[in-house]
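Asker: Starting from these lines, generate the structure:
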Amino acid sequence: MDARPRSLRTMLAEAKDASEIMVDLAYAAVYFNDPGMADELGELEERMNDLVQEMRAVCILAVRRPAEAEGMASVLQVISAIEGIANAAVDISRLVTHRLGIPDELIADLSNAEEVSHRVWIREGSHMAHRPLKDLELPVQCGMRVVAVRRDRSWMIEEVDGDVVLVPGDVLFLRGSPAGIVRLHELAAAPTWEPPEVSVPDALTDLDRAVDVLVEMKDTSEAAVGLAYSALALQDAGLAAEVNHLAERLDAMKDRLQLWVLRAAKHDVDPAPLRGLLQLAAAAEELGDQANAMVWLIADDYKVHPIVKVALGQADVVSTRVPVAPGSTADGRRLSELQLDIEPGFSVLAIRRDNRYIYRPRGYVILSAGDELIATGPHEGRDRLGELCGWQVVSDDDDPTGQVQLVPLAAGRASG
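Answerer: All right, here's what the predicted structure looks like:
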């Protein structure tokens, strides 16, 4: 841990980013069946434990009057939920570290995900060594963006930007399309990676049904965590209600999965992977429960301390909601055509359409005027996202929460 005193705002932002990376890494460790990736998660867990302890101490010392207790209690609630999300991620990684068993069918299904996380070492003599990140243009080259860098035992999460010069021995943690992993390995001079292949059965088995439910649970749990942070950052009761709905869906899906696993056990099936499915389902459900525990503060109109909104607004990955304006670049286009994950580097968590939500939308979804995108990405990409949707993003440098105003693009140009 850094011995220098840090503000609660800074630590909250770091903990939020670290917890999301831990969830990404946990699912990636399962997908790649990679014990090394699970070990990286263990290092982040130690970092998170120190952060949580330090934040709780700061909260206790900050309360000087009874009137301040309620607001600070909300911060402690958020800290507890962040810790719970991190712990659930560790539980997911135990499938790999404890060799609980992972069905081949699950790994094959996960390869169809829109996005996966991956890690790669920088090797001497590779295209990436001794170059700044911005020169590599990884989102363009391989459709993956860097979310963290580990250098020896030091982690760069919030500090990652285009000016970071990579050196041999650095470990990059990235998120993006599975199709970009092969190209990423070429750039890093890493061993060739081939996507998993599993034969398609003639008929759908009980195990296949259980795996399908679990893949849906993975997507839903990731959406719940992302939307929970967005609900807090935007102070949005509607999003909080959606997180509650997702948590209930995860509960129901776990019940369905348990049924399919028990039915599969009747057949001549190796029981070890079945145990892994149950472990993974329980952890995914816990992610939903912790996300829900975070947003009940908003759903119940509880007094949330302003520092929570400020911290989440200044995290490395920020949340934003942008409507699609008529005639904008995004209007009538497929998500895959817009390539938002490449430029401006945003992931769409949900689309609000006619008072309902489409969670983790696939690339084939066509956007229409009136749709509202709820997305997360880097600060510097927010202006470009607004432009694609037909808006000029106007920020107030004096607003510590980082909230912005959206001005119709034509009007914004006219006033300029």
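Asker: now stretch 385-394, how far from the centre of its chain.
Answerer: Remark: stretch 385-394 is offset 23 Å from the chain centroid, using C-alpha atoms, centre = their mean, to the nearest Å.
Asker: And it, what's buried?
Answerer: L385, G386, E387, L388, C389, G390, W391, Q392, V393 (16 or more other C-beta atoms under 10 Å). (Glycine included, C-beta is placed from N, CA and C.)
Asker: hang on, isn't the fifth one packed against G327?
Answerer: No. The pair formed by C389 and G327 falls short of the contact definition of C-beta atoms under 8 Å, at 10.8 Å.
Asker: Tabulate the buried residues of stretch 385-394 in JSON lines, adding columns for secondary structure and distance to A179.
Answerer: Formatted as JSON lines, the buried residues of stretch 385-394 follow (DSSP: H, G, I helix; E, B strand; the rest coil; distance: C-beta to C-beta, whole Å):
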{"residue": "L385", "secondary structure": "helix", "distance to A179": "23"}
{"residue": "G386", "secondary structure": "helix", "distance to A179": "28"}
{"residue": "E387", "secondary structure": "helix", "distance to A179": "26"}
{"residue": "L388", "secondary structure": "helix", "distance to A179": "22"}
{"residue": "C389", "secondary structure": "coil", "distance to A179": "25"}
{"residue": "G390", "secondary structure": "coil", "distance to A179": "29"}
{"residue": "W391", "secondary structure": "strand", "distance to A179": "30"}
{"residue": "Q392", "secondary structure": "strand", "distance to A179": "33"}
{"residue": "V393", "secondary structure": "strand", "distance to A179": "30"}
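Asker: I'd guessed V96 sits against Y31; true?
Answerer: No. V96 lies out of contact with Y31 (C-beta under 8 Å); the separation is 9.9 Å.
Asker: how close does V317 get to R382?
Answerer: 11 Å (C-beta to C-beta, to the nearest Å).
Asker: whoops, I mixed them up, W260
Answerer: Shown here: W260 relative to R382, a distance of 42 Å by C-beta to C-beta.
Asker: How about the contacts made by the nearest residue to V393 once chain neighbours are set aside?
Answerer: Leaving aside its sequence neighbours, V393 sits nearest to G386 (C-beta to C-beta, 6 or more residues apart in numbering; 3.9 Å). By C-beta atoms under 8 Å, 6 or more residues apart in numbering, the residues touching G386 are V322, Q392, V393, L406.
Asker: Out of those, which two are the most distant from each other?
Answerer: V322 and Q392 (11.4 Å; C-beta to C-beta).
Asker: Touching both of those two, which residues are there?
Answerer: Residues touching both V322 and Q392 (C-beta under 8 Å, 6+ apart): G386, L406.
Asker: Any stretches of the stretch 51-200 of the chain with poor pLDDT?
Answerer: Residues of the stretch 51-200 of the chain meeting the criterion pLDDT under 70: 111-114, 158-159, 196-200.
Asker: Please, where are all the helices along it?
Answerer: Here the stretch 51-200 of the chain has its helices, by DSSP state H, counting those that start in this stretch, at 69-97, 104-110, 133-136, 138-142, 181-187.
Asker: tell me which residues in stretch 60-79 are buried?
Answerer: The neighbour-count check on stretch 60-79 (16+ other C-beta under 10 Å) flags G71, M72, A73, S74, V75, Q77, V78, I79 as buried.
Asker: ditto for stretch 161-179
Answerer: Buried residues in stretch 161-179, counted by 16+ other C-beta under 10 Å: V164, L166, D170, V171, L172, F173, L174, R175, G176, S177, P178.
Asker: can you give me the offset of it from its chain's centre?
Answerer: Remark: stretch 161-179 is offset 17 Å from the chain centroid, using C-alpha atoms, centre = their mean.
Asker: do stretch 260-276 as well
Answerer: Taking the mean of its C-alpha atoms, stretch 260-276 sits 30 Å from the chain's own mean (C-alpha atoms, centre = their mean).
Asker: Identify each buried residue in it, please.
Answerer: For stretch 260-276, the buried set under the neighbour-count rule, 16+ other C-beta under 10 Å, comprises W260, V261, A264, P273, L274, G276.
Asker: still on that earlier bit, which one of the contacts of G386 is nearest to A299?
Answerer: Nearest to A299 among those, with distances taken as C-beta to C-beta, is V322, at 23.4 Å.
Asker: I'd like to know how many residues surround the residue nearest to S93 when sequence neighbours are not counted.
Answerer: By the measure of C-beta to C-beta, 6+ apart, the closest residue to S93 outside its immediate chain neighbours is A38, 4.0 Å from it. A38: 23 surrounding residues under other C-beta atoms under 10 Å.
Asker: surely A38 meets H98?
Answerer: No. Contact criterion C-beta under 8 Å: A38 and H98 do not qualify, at 9.4 Å.
Asker: All set, thanks.
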